[in-house]
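Trainee: Mind folding the following:
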Amino acid sequence: MTTLAAHRRVPPLGGLNATLLGLELRRLLRNRRTMIITLVMPVVFFLIFGLNPSYSGESAGNGNVSAYVMISMALYGAMIATTSGGAMVSVERASGWSRQLRLTPLSPGVYILVKVLVAMTLGLAAVGVVYLVGAFTSVHMDTSLWFTTALITWLGSAVFAAFGLFMGYLLPSENVMQILGPGLAVLGFAGGLFMPLQDGSVWASIAQFMPTYGLSQLVHAPLTGDAMQWTWVLNVAVWLAIFVGGAVWRFQRDTERV
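Mentor: Numbering: from 1, shown residues only. So this is what the prediction gives:
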């Protein structure tokens, strides 16, 4: 007997289109809590910690301390944004929406790609808002570094889009962001995102194994003037592979249930 799936016509690009992307973005933008956490909170933290007159004007390589804090808060905002975007799959699984989509010609791979694109779009907005506020305050760094650091921050946040997808398939919907929100703050501190690590300290050695460590070093290096180290890139690549592999594994297990 011929199955219904055999008669389904596969649409161009597996079903990827601007309408689908627009719908997904609007769904995310309607979540007020997500918007506040991703777009407002990093800006508030930057204004509190980045504009402190007792140290904000001090030199930090090719800029000042305010620039260092701005980059940190932009990465933190992008981490929250991309994680939130990826973790939306948890809510859709609980509501049965993801199962409904599997009955359509939409390719499973495209479904994941859409989630990543939406997460990265929100991540770009998070970076842009923090940088925009920084441009109108006391942030100072070489002109080219505004673009360079913002680009590295945004592209690097793809690690946490994969992390969000992995956690979205792993954790129940009612708990996913309650766990991930504080978890990202802990990872930020543990990886040296919010304050420079003291070379040679025990904590600095531990931090090198955190998923935030490599990204933090890479996004700040153009400002501080530090030479890029292969261990930073390796840290990012390994954690990206772990999160992508975890997301694929959980996605396959979830698909087998249908």
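Trainee: How is Phe209 assigned, secondary-structure-wise?
Mentor: What DSSP: H, G, I helix; E, B strand; the rest coil gives for Phe209 is coil.
Trainee: Touching whichever helix or strand Leu155 is part of from outside, list them.
Mentor: In the assignment (DSSP states H and E), Leu155 maps to helix 143-156. The contact list for helix 143-156 (Cβ atoms under 8 Å, 6 or more residues apart in numbering) reads 62-63, 67, 71, 74-75, 78, 120, 123-124, 127-128, 131, 135, 141, 215, 218-220, 222-223, 236. C-beta coordinates here come from the backbone N, C-alpha and C atoms, glycine included.
Trainee: So what's the model's average confidence on it?
Mentor: Taken as a whole, helix 143-156 has a mean pLDDT of 96.
Trainee: What pLDDT is listed against Gln100?
Mentor: At Gln100, the pLDDT value in this model is 65.
Trainee: ok, now Leu106?
Mentor: pLDDT, Leu106: 64.
Trainee: Any idea how far the helix or strand following the helix holding Leu155 is from the middle of the chain?
Mentor: Downstream of helix 143-156, the next assigned helix or strand under DSSP H and E is helix 158-170. Here the centre of helix 158-170 is set off from its chain's centre by 9 Å, with Cα atoms, centre = their mean, to the nearest Å.
Trainee: now for helix 158-170, which elements pack on it?
Mentor: helix 65-95, helix 108-135, helix 176-190, helix 230-256 (3 or more Cβ pairs under 8 Å, 6 or more residues apart in numbering; DSSP states H and E).
Trainee: circling back: quick one, the helix holding Leu155 and helix 230-256 angle?
Mentor: Here the directions of helix 143-156 and helix 230-256 differ by 30 degrees (axes from the mean of the first three to the mean of the last three Cα atoms, to 10 degrees).
Trainee: Kindly export helix 143-156 (C-alpha atoms) in PDB.
Mentor: This file holds the C-alpha atoms of helix 143-156, laid out as PDB (Å, rounded to 0.1, in the frame of the first residue of the first chain):
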ATOM      1  CA  THR A 143      36.500  52.700  14.000                       C
ATOM      2  CA  SER A 144      37.200  49.300  12.300                       C
ATOM      3  CA  LEU A 145      36.800  47.500  15.600                       C
ATOM      4  CA  TRP A 146      33.100  48.400  15.800                       C
ATOM      5  CA  PHE A 147      32.400  46.200  12.800                       C
ATOM      6  CA  THR A 148      35.000  43.500  13.500                       C
ATOM      7  CA  THR A 149      34.000  42.800  17.100                       C
ATOM      8  CA  ALA A 150      30.200  43.000  16.300                       C
ATOM      9  CA  LEU A 151      30.700  40.500  13.400                       C
ATOM     10  CA  ILE A 152      32.700  38.000  15.500                       C
ATOM     11  CA  THR A 153      30.200  38.300  18.300                       C
ATOM     12  CA  TRP A 154      27.200  37.600  16.100                       C
ATOM     13  CA  LEU A 155      28.700  34.700  14.100                       C
ATOM     14  CA  GLY A 156      30.100  33.200  17.300                       C
END
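Trainee: buried sites along it?
Mentor: Leu145, Trp146, Thr148, Thr149, Ala150, Ile152, Thr153, Trp154, Leu155, Gly156 (16 or more other Cβ atoms under 10 Å).
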